[in-house]
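K.L.:
Sequence and predicted structure are below.
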Amino acid sequence: MNRDKATERAAMPKGTSVVLDSRTLQSSYATLIPLLKEGMHVLDLGCGTGAISAGIAVAVGPSGTVTGIDNSGHLIDKGQVDYQGVSNLTLLTADIFTWQPIRKFELVVSARVFQWLSNPADALKKCAAMLVPGGKLSVLDYNHARLEWEPAPPPAMQRFYRAFLDWRADAGMDNEMADHLPALFQQAGFSQIKVQEANESCRRGEAGFADKAAIWSAVARLRGPQMVQSGFITETERLQAIDDYDAWLKEGALSMTMKLKDIQAVLSS
């Protein structure tokens, strides 16, 4: 039941590509770069429009390949157009739990995706099944419970954020996914587990501060209607959160840090 609810709530609304397209391998998944080798065959789970996948494809070179899968068809459709010139990149609309690849991979990666699953342990087992013996897995994800703002944002946004966490938890999603992944990796048969801090921080005065900190206005605009529909917040509260937060970004916000970790491991033979 929870899996169905999580799948429904995790569905990426139209317009989400504005957030996803701004990401790059270098800016949004830099901890992965040392794992990428020429000639690797890589699977990117929950690839969105393929913005990061395309960077991976460049890193593994023409003798390597990258396959990106996502269950949001509108994101894959956009990525197939945006990155049609990347010859070693294939983007497919597929579900991690039902997709059957024709080959196994040396590396499986997934960025900011496991936070949307109600059954991450099953997903890790699927990852293990798609890796060659000794293959590597990298999962980059958040601990939403540890988000830091300086100073605290307006009460309307605080209410929205609490509702966001409750809405997620109600569907069986783990708001502290990043900190629980290492134990899940071990249970799924992975070894040499390495945890790297990859926090996303921005501070007033730095380039791009307003755009980065505005992520929660974007969440309220894009995800907020789903939360209203589910009864976790009212439409009036959602709109108030956006207005107050946008005003706070202009006048009072100093910094924001989203807690993020990259868990990397090797599939035990």
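P.N.:
That came through fine.
K.L.:
Against Asp262, how distant is Asn199?
P.N.:
Distance of Asn199 to Asp262, given as C-beta to C-beta, to the nearest Å: 11 Å. C-beta: built from backbone N, CA, C; applies to glycine.
K.L.:
Which of these two has more residues huddled nearby?
P.N.:
Neighbours were tallied for Asn199 and for Asp262 using other C-beta atoms under 10 Å; the higher tally belongs to Asp262 (22 against 14).
K.L.:
and the gap between the more buried one and Gly64?
P.N.:
20 Å.
K.L.:
all helices of the protein, in order?
P.N.:
Read by DSSP state H, the chain holds these helices, from start to end of the chain: 2-10, 17-20, 25-28, 51-60, 73-82, 120-129, 155-170, 177-187, 209-213, 215-222, 224-230, 235-251.
K.L.:
Distance check, the most centrally placed residue in the chain against Gln84.
P.N.:
The centroid of the chain falls nearest to Arg112 when counting by C-alpha atoms, centre = their mean (1.6 Å). According to C-beta to C-beta, Arg112 stands 24 Å off from Gln84.
K.L.:
What of Leu117?
P.N.:
30 Å.
K.L.:
And for Thr257?
P.N.:
The value you get for Thr257 to Gln84, if C-beta to C-beta is used, is 36 Å.
K.L.:
count of residues packed around Gly48?
P.N.:
26.
K.L.:
Could you find the closest non-adjacent residue to it?
P.N.:
Leu20 (4.0 Å; C-beta to C-beta, 6 or more residues apart in numbering).
K.L.:
list the contacts for that neighbour?
P.N.:
Taking C-beta atoms under 8 Å, 6 or more residues apart in numbering, we find Leu20 in contact with 12, 48-49, 51, 75.
K.L.:
In terms of pLDDT, where does it sit?
P.N.:
Listed pLDDT for Leu20 reads 75.
K.L.:
Near Gln229, how many other residues are there?
P.N.:
10.
K.L.:
per-residue confidence for it?
P.N.:
For Gln229, the pLDDT comes out at 95.
K.L.:
just the one 5 residues further on next, same as before
P.N.:
In the prediction, the pLDDT value recorded for Thr234 is 98.
K.L.:
can you pull the contacts of it?
P.N.:
By C-beta under 8 Å, 6+ apart, the neighbours of Thr234 are Val228.
K.L.:
Against Glu148, how distant is it?
P.N.:
In terms of C-beta to C-beta, Thr234 sits 27 Å off from Glu148.
K.L.:
With Leu181 instead?
P.N.:
Distance from Leu181 to Glu148, by C-beta to C-beta: 20 Å.
K.L.:
and what of Ala188?
P.N.:
30 Å.
K.L.:
These two - which one has more neighbours?
P.N.:
Taking neighbours as other C-beta under 10 Å, Ala188 and Glu148 compare with Ala188 leading, 21 against 12.
K.L.:
Pull out the buried residues from the strand ranked longest in the chain.
P.N.:
Longest strand of the chain, by residue count under DSSP state E: strand 131-142. Along strand 131-142, these residues count as buried under the neighbour rule (16 or more other C-beta atoms under 10 Å): 131, 135-142.
K.L.:
Ok, stretch 160-179 next?
P.N.:
By 16+ other C-beta under 10 Å, the buried positions in stretch 160-179 come out as 160-161, 163-164, 167-168, 171-175, 177-179.
K.L.:
which residues touch stretch 65-73?
P.N.:
Residues contacting stretch 65-73 (C-beta under 8 Å, 6+ apart): 7, 11-12, 16, 41-48, 50, 53-54, 56-57, 60, 76, 79, 88-96, 99, 101, 105.
K.L.:
Many thanks, have a good one.
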